[in-house]
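J.: all I have is the shape, not the residue letters:
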């Protein structure tokens with residue numbers, strides 16, 4: 001009898017606790033990171049199937065204790081079964097987005113199978129336009145962590161191709177005379193022999209990996225300006241910090257896993273004339289050294305994704321009189337980038353991760369590339 005009553009009480013609690021929480025919101029709930037807008041109550045109240053479906057969607061997204069119950073379920077899957085519907089749980093604490101490995105990368109592979117030539121032509125056309133006006137183009141493609149730590153990838157992930165088309169694109173661009181290509185994959189593979197270069201709980205490289213590529217960019221810019229050697233001054237210094245990255249927090253767990261994150265420890269002084277301007281137009285920010293400028297490299301503009309944040313934290317801005325930063329998300333078309341590019345720019349870094357589908361589409365847009373080239377020629381005047 002006691003067992004039966006206990007079972008009924010537990011069952012009633014499981015049924016009515018969410019309804020009570022939904023009505024009162026008595027207990028605070030930490031929201032989930034879902035990257036979507038939760039369903040709202042339908043605007044039109046009637047007896048149609050659409051209304052009934054709308055009410056169902058609203059209830060599924062808003063019932064009480066939903067976040068807690070999802071976290072409990074996800075924690076059980078992660079802790080006991082090492083699985084997640086959002087993330088591939090790898091070995092040694094490594095995590096990989098399912099969407100990146102199983103959806104986005106194959107989509108890029110398929111797209112480049114049919115459009116690699118037109119993407120390459122777009123990159124070359126843009127860099128040739130820059131070159132005509134004395135502007136250097138430096139191109140960087142970042143491959144994902146599983147390329148460098150394949151032994152950490154679980155069997156649940158779609159196998160990665162040994163020679164992906166995105167890598168072939170980079171090698172093909174390296175043969176063009178109008179731009180310089182940084183082989184970030186080779187640089188990181190070498191650095192990975194002595195230290196970790198990607199986060200375990202986040203899909204980004206760590207700042208020590210970005211540091212190595214930033215050094216190469218400065219070396220290429222130095223050579224383009226006729227410097228006898230790279231103007232990069234400060235060696236890599238490393239510190240650590242406890243960190244739970246975006247993949248870990250994307251999994252709705254009761255307690256997200258953490259790791260010891262490698263950071264670049266700033267060992268450089270801040271110049272007295274340092275000035276940072278906040279967002280303006282398409283640019284996220286810009287950095288200027290108006291007094292020490294003549295002793296530095298000429299202005300740099302970086303178009304890239306979140307991986308280029310590591311360049312800034314590595315101190316790349318210390319070596320240019322001006323640096324402008326813009327994200328792919330803020331550039332709907334490359335013609336917009338050409339229109340907004342600061343006229344003093346003499347170095348353009350174009351960076352993209354291997355699954356940056358929007359960048360590939362932008363370079364494959366023949367009409368917009370033609371407009372971008374025309375815009376560059378009109379804005380920057382006679383070729384240099």
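T.: Yep, it's here. Keep in mind that what you see is a predicted model, and the values were worked out from it rather than measured. Numbers count the residues shown, from 1 in each chain.

J.: not counting sequence-adjacent ones, nearest residue to the spatially most central residue of the chain?
T.: Residue closest to the average C-alpha location in the chain (Cα atoms, centre = their mean): residue 306, at 3.9 Å. Nearest residue to residue 306 in three dimensions, chain neighbours excluded: residue 204, at 6.5 Å (Cβ to Cβ, 6 or more residues apart in numbering). Placement of C-beta: from N, CA and C, glycine included.

J.: what of residue 311?
T.: Leaving aside its sequence neighbours, residue 311 sits nearest to residue 214 (Cβ to Cβ, 6+ apart; 4.6 Å).

J.: may I see the buried residues of the helix or strand hosting that neighbour?
T.: If you go by DSSP states H and E, residue 214 is part of helix 207-224. Under the neighbour-count criterion of 16 or more other Cβ atoms under 10 Å, helix 207-224 has 207-222, 224 buried.

J.: and stretch 252-270, end to end?
T.: 40 Å (Cα to Cα, to the nearest Å).

J.: now do it: distance to the chain's middle.
T.: Its chain's C-alpha centre and that of stretch 252-270 lie 16 Å apart, by Cα atoms, centre = their mean, to the nearest Å.

J.: next: stretch 304-321.
T.: With Cα atoms, centre = their mean, you get 14 Å for stretch 304-321.

J.: tally of neighbours for residue 158?
T.: Using other Cβ atoms under 10 Å, residue 158 is surrounded by 13 other residues.

J.: distance of it relative to residue 168?
T.: Remark: distance between residue 158 and residue 168 (Cβ to Cβ, to the nearest Å) = 19 Å.

J.: same question, residue 307
T.: Residue 307 is 20 Å from residue 168, by Cβ to Cβ.

J.: okay, those two: which has more neighbours?
T.: Neighbours per residue (other Cβ under 10 Å) separate residue 307 from residue 168, with residue 307 holding more: 20 against 13.

J.: ranges for the helices of this protein?
T.: 2-24, 49-62, 66-81, 98-99, 105-132, 165-174, 184-191, 207-224, 246-250, 309-313, 334-340, 357-364, 366-380 (DSSP state H).

J.: export these as a markdown table, with columns for mean pLDDT.
T.: Output for these, formatted as a markdown table (pLDDT from 0 to 100):
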| stretch | mean pLDDT |
| --- | --- |
| helix 2-24 | 52 |
| helix 49-62 | 64 |
| helix 66-81 | 69 |
| helix 98-99 | 96 |
| helix 105-132 | 98 |
| helix 165-174 | 98 |
| helix 184-191 | 98 |
| helix 207-224 | 98 |
| helix 246-250 | 89 |
| helix 309-313 | 98 |
| helix 334-340 | 98 |
| helix 357-364 | 98 |
| helix 366-380 | 97 |
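
J.: good, wrapping up.
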